[in-house]
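# Predicted model, plus sequence, below.
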Amino acid sequence: MSARFDERRRLSLNEKPAGLGPVLYVMAREQRIEDNWALIAAAAAAKERSVELLILFPLAPMFNHGQGRHNYWMVDSLKEVAETALGYQIPFYIEYGNWVDSIPDFVLKHHVGEVVFDFNPLEPVRAWRENVAKKISVKASVVDARNIVPSFFVSNKCEFSAATFRPKIHKWLKEFLVPFPRLQTVLPAVGSKRQPAIDWDRVSSYRATVPDEALEKNWRAGHKAGMKQVDKFIRETLPNYDTLRNDPTKDGVSNLSPYLRWGNISAAKVAMLVEKADAPKAHKDSFLEELIVRRELSDNYCFYTKDHTKLAAAHPWAQKTLAEHKNDEREYLYTYKEFAAGRTHDPLWNAAQKQMLKEGKMHGYMRMYWAKKILEWTPDPQTAIDIALRLNDSYELDGRDSNGVVGVMWSIAGVHDRAWTERPIFGKIRYMNYNGCKRKFAVKEYEERYGGNIDHKLF
DNA sequence: ATCGGCTCGCGCAA
DNA sequence: TGCGCGAAGCCGAT
């Protein structure tokens, strides 16, 4: 059971030797102690050399359109992490400022001998990580604790579509979807530090954001809340998942994406629980396709694509067809602020926008319609991408991550998709419209549920 | 209600 | 080089 850490989950970040001091896990994307391969790798190294294991959360100033709701989620997640770390007697620290200063300072101050990061394909975190590895004088590596089959292992290029990525995932799933070993740590040696005190008020206020009280009442962040939602999903929703998941008026989705986004829960753990759940196979397969293939495809896209939010990253056929239609007349044009406030002519679009504002999460099916309409109602495709991503990253609890990037790029720029019948503005990009939604679900019910007034402090 | 056509390129078989 | 195949779309024909 306590299988050796699989080195294929790790990428080396420098050629420097490990020092004599403690092993440091730099927690960033994976805000959990449980089921975390990066922490397990760091713990194994510490045990092997009989040195202490430390965890550091390097709190940088807010970036990428983060709002109060994101700050709330992070702070609550970290409080739970600190408490759990205490139970394992692993010192958990928070340092403030830019990574390239705060982490090397910490390494020197605590005589750290080796650093392990968790994987994130996105800028700016990726560059921060690499710059820290260059600056410090000890061994540094990154472990993919997010994807079941490590992103840098499963494929060495940007995949064309889910169809090319899927067989690669399935080929390796058996080897990588394995139970997590128990976290083994070396008990703190005589004279070592006790659990550091954390000033939570300072943590909360470090990223200057406006509190988002309405939303904070509706969600509970962290590992325990996430696993509770996993249990609820498997019992109540999974048995009908494939039938109900695309109906935005039904509660047929997992509601796990914020927990996965913040690393509160491990997708591998969820996958193993779903595999052994007592639900029809077709529904389990449908969910596992979303959880594993589609989700991990997003990291593949972001990791191997430079400037992944630019139109230039799209397939050649998509760039060509959008260019051919760039001068097509737009019947409606809206600004960022009009979109943000949910003030378009389309009650269905406005309802989707307001669902995101109010609940921090737009239904997955509506996200496609929503993004495609932004393409239709803005002057050019790059503006559409920029607006859609900014809205996504500001208001989705699962925003500011690779899945949101790919969702927007799929909808607007045909990433991972194929060409369809040509029409104005969209060219050969897959089209969606109001009539299609009417065929699929009770549009009016959705509009009435979410279409009301909205607290305008939110936008 | 159901079905086929739309359109493109990957990746495998030859 | 040829060809099967994808697959959260729309739409018109049956």
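It's in. It should be emphasised that the depicted structure is a prediction, and the values quoted were computed from it without experimental measurement.
# just the strands in the stretch 51-200 of chain A please.
Applying DSSP state E, counting those that start in this stretch to the stretch 51-200 of chain A gives strands spanning A:53-59, A:92-96, A:114-118, A:139-143.
# Let's have those in JSON lines, adding distance to DNA strand B, mean pLDDT and mean neighbour count.
Using the backbone N, CA and C atoms, a C-beta is placed for each residue, glycine as well. Shown next, in JSON lines, are those (distance: least, Cβ to the nearest atom of the strand, whole Å; pLDDT from 0 to 100; neighbours: other Cβ atoms under 10 Å):
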{"stretch": "strand A:53-59", "distance to DNA strand B": "37", "mean pLDDT": "97", "mean neighbour count": "23"}
{"stretch": "strand A:92-96", "distance to DNA strand B": "42", "mean pLDDT": "97", "mean neighbour count": "19"}
{"stretch": "strand A:114-118", "distance to DNA strand B": "28", "mean pLDDT": "98", "mean neighbour count": "28"}
{"stretch": "strand A:139-143", "distance to DNA strand B": "25", "mean pLDDT": "98", "mean neighbour count": "24"}
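# Return the helix or strand in chain A with minimum mean pLDDT.
None of the helices or strands of chain A scores lower by mean pLDDT, DSSP states H and E than helix A:213-218, at a mean of 84.
# Contacts for it next, please.
Contacts to helix A:213-218, defined as Cβ atoms under 8 Å, 6 or more residues apart in numbering, come from residues A:Arg69, A:Tyr72, A:Lys358, A:Glu359, A:Gly360, A:Asp455.
# ok, now how distant is the second one from DNA strand B?
Summarising the geometry, the distance separating A:Tyr72 from DNA strand B, computed by Cβ to the nearest atom of the strand, to the nearest Å, is 41 Å.
# what's the neighbour count on the residue nearest to that residue when sequence neighbours are not counted?
Distances taken as Cβ to Cβ, 6 or more residues apart in numbering put A:Glu216 closest to A:Tyr72, at 5.2 Å, once the chain neighbours are dropped. Neighbour count for A:Glu216, taken as other Cβ atoms under 10 Å: 16.
# and what of the one 10 residues further on?
If you count neighbours by other Cβ under 10 Å, A:Gly226 ends up with 27.
# In terms of helices and strands, where is it?
In this assignment (DSSP states H and E), A:Gly226 forms part of helix A:223-232.
# Which SSE is immediately downstream of that helix?
Next along the chain from helix A:223-232, counting by DSSP H and E, comes helix A:241-244.
# how much distance is there from that next one to the middle of the chain?
The chain centre lies 23 Å from the centre of helix A:241-244; the measure is Cα atoms, centre = their mean, to the nearest Å.
# With stretch A:61-72 instead?
Per Cα atoms, centre = their mean, the centroid offset for stretch A:61-72 relative to its chain is 14 Å.
# Isn't A:Gly76 up against A:Ala221?
You called it Gly, but residue A:76 is Asp. Yes: using Cβ atoms under 8 Å, A:Asp76 is in contact with A:Ala221, at 3.9 Å.
# Which of these two has more residues huddled nearby?
Between A:Asp76 and A:Ala221, counted using other Cβ under 10 Å, A:Ala221 has the larger neighbour count: 23 against 20.
# For the helix holding A:Gly226, enumerate the helices and strands it packs against.
The contact analysis (3 or more Cβ pairs under 8 Å, 6 or more residues apart in numbering; DSSP states H and E) places helix A:223-232 against helix A:68-88, helix A:257-261, helix A:267-275.
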